[in-house]
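Undergrad: I need the structure of the sequence given here:
(one chain, ligands or ions: 2)
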Amino acid sequence: MTTRVRTVDAARPEAEVMADAAAIIRRGGLVAFPTETVYGLGAAALDAEAVQRIFDAKGRPSTDPLIVHIAGVDHLATVAREVPPVALTLAQHYWPGPLTLVLPKHAVVPLVVTAGRDTVAVRVPAHPVARALIEACGVPIAAPSANRFSRPSPTTAAHVVDELQGRVDLVLDAGPATIGVESTIVDCSVSPPRLLRHGGVTREQLLDDVPDLLVVARSGDARESQAAPGQLLRHYAPSAPLTLVVGGETAVRTRLVDEARRLAATGERVGILAPEEDVLAVTPPLTALAASGRVLLQAYGRRAEPASAARDLFAALRALDARGPTVLLASGIGDEGIGAAVRDRLSRAAEGRVVVVTPAC
Ligand code: AMP
Ligand code: MG
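TA: Ligands and ions are numbered 1, 2, ... in the order given. Predicted structure coming up:
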């Protein structure tokens, strides 16, 4: 299969480009498209064969269900057979936006979409290109992140092309994703509702609407059993083993420096993935090792601006990976707000190797 890439205006998607993309989806093909969270790999959600192509292209296990993207809250009844009041409240509050709701599945949704479950995950994306695509298709679009299974999610069209060239019909390029981590997932098919994945809408925001929200997804140590199907411990995997260091800022920086020196002395090429403030703090003691290429420093966003850390995380992880480290160390931005989503993704990239140096302060 030849993969075409087309640029599209992020704010005002060209009708001709969207008609091209919609025609591919309607005839059962695959289109990678931007959303405000990450790039998605889309197919017609009610066409089981088309949906199967998503799993084949990604190498994704059939046990890992997909998110169905719809045009608006009015379309909910076409994919969900029941919408509890709390789900409607959340939908009205956060849609379009980075919140996915798990609801009892409508019979028209094929079981391949939901990995055999009786529930379906649904979202209304906010990105104008995603919205235009769903509207031009006139059908719901099933779309997981547009990466090969267990790799970091793509936040640019180039990331998609790197991994899915020859496996997808069309990639729509509208520039980098603005949120940068995947949607928050809330299971509203159970009472009380359960937070399954941290994401663009924060736990703190959700508690305003859902005071009894059960937080199943922990944001720190990912060694717990899967909170949701597909929320595997091994996820977002870089090519070198990563250890996440969490705790108070000063203690974290001290540990990054000590560990980098120790590992470099054993012949490792040590990659450090950290917010800009941490990178600046560890640079002076590591200058010589950085100059000789034994330590590779890579910043992702700023602690002072948490949204920038979420936005840049996956691209920075890929960029650091490409510099050829043999071992990786990372620090997060705390556990509040979007920090919980960043920490969750880093602890999954670390496959549970999380070192707590002091209690967070
Ligand atoms: P992705 O879009 O690649 O982040 O993958 C979608 C994720 O949504 C899956 O990995 C699951 O964790 C979650 N998901 C999808 N459908 C359901 C469902 N019916 N119940 C619980 N979680 C779901
Ligand atoms: Mg994914």
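
Undergrad: can you give me the helices in the stretch 101-250 of the chain?
TA: Remark: helices assigned in the stretch 101-250 of the chain by DSSP state H, counting those that start in this stretch are 111-114, 128-137, 157-164, 203-209, 249-265.

Undergrad: would you turn those helices into a markdown table with mean pLDDT, distance to Pro96 and mean neighbour count?
TA: C-beta here means a position set from N, CA and C on the backbone, and glycine is covered the same way. Formatted as a markdown table, the helices of the stretch 101-250 of the chain follow (pLDDT from 0 to 100; distance: least, C-beta to C-beta, whole Å; neighbours: other C-beta atoms under 10 Å):
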| stretch | mean pLDDT | distance to Pro96 | mean neighbour count |
| --- | --- | --- | --- |
| helix 111-114 | 98 | 20 | 20 |
| helix 128-137 | 98 | 7 | 22 |
| helix 157-164 | 97 | 21 | 21 |
| helix 203-209 | 97 | 15 | 15 |
| helix 249-265 | 98 | 35 | 18 |
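
Undergrad: can you list the weak-confidence ranges in the stretch 251-361 of the chain?
TA: Residues of the stretch 251-361 of the chain meeting the criterion pLDDT under 70: 359-361.

Undergrad: give me the residue from it nearest ligand 1.
TA: Arg345 (10.7 Å; C-beta to the nearest ligand atom).

Undergrad: Wasn't that residue part of a helix?
TA: Yes. Using DSSP: H, G, I helix; E, B strand; the rest coil, the assignment for Arg345 is a helix.

Undergrad: Output the set of residues of the stretch 1-150 of the chain in proximity to ligand 2.
TA: Contact residues (C-beta under 5 Å from the ion) of the stretch 1-150 of the chain with ligand 2: Pro144, Ser145.

Undergrad: Tell me what whichever residue of the stretch 1-150 of the chain sits closest to ligand 2 is bridged to.
TA: Going by C-beta to the ion, ligand 2 is nearest to Ser145 of the stretch 1-150 of the chain, at 3.3 Å. Counting by DSSP bridges, Ser145 forms beta bridges with Gly40.

Undergrad: which ones are touching it?
TA: Contacts for Ser145 (C-beta atoms under 8 Å, 6 or more residues apart in numbering) come out as Val38, Tyr39, Gly40, Leu41, Ser153, Pro154, Glu182.

Undergrad: now check stretch 185-200, is it near ligand 1?
TA: Yes. Taking C-beta under 6 Å from any ligand atom as the criterion, stretch 185-200 and ligand 1 are in contact, through Ile185, Asp187, Leu196.

Undergrad: Now rank those by neighbours and give me the top one.
TA: Ile185 (25 neighbours; other C-beta atoms under 10 Å).

Undergrad: re earlier: make CSV out of the contacts of Ser145 and add distance to Ala71.
TA: Formatted as CSV, the contacts of Ser145 follow (distance: C-beta to C-beta, whole Å):
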residue, distance to Ala71
Val38, 20
Tyr39, 19
Gly40, 15
Leu41, 19
Ser153, 23
Pro154, 23
Glu182, 20
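
Undergrad: Taking those residues together, which two end up most distant?
TA: Greatest spacing in the contacts of Ser145, by C-beta to C-beta: Leu41 and Glu182 (12.7 Å).

Undergrad: Name the residue in these two with the higher neighbour count.
TA: Between Leu41 and Glu182, counting by other C-beta under 10 Å, Leu41 is the more crowded of the two (29 against 25).
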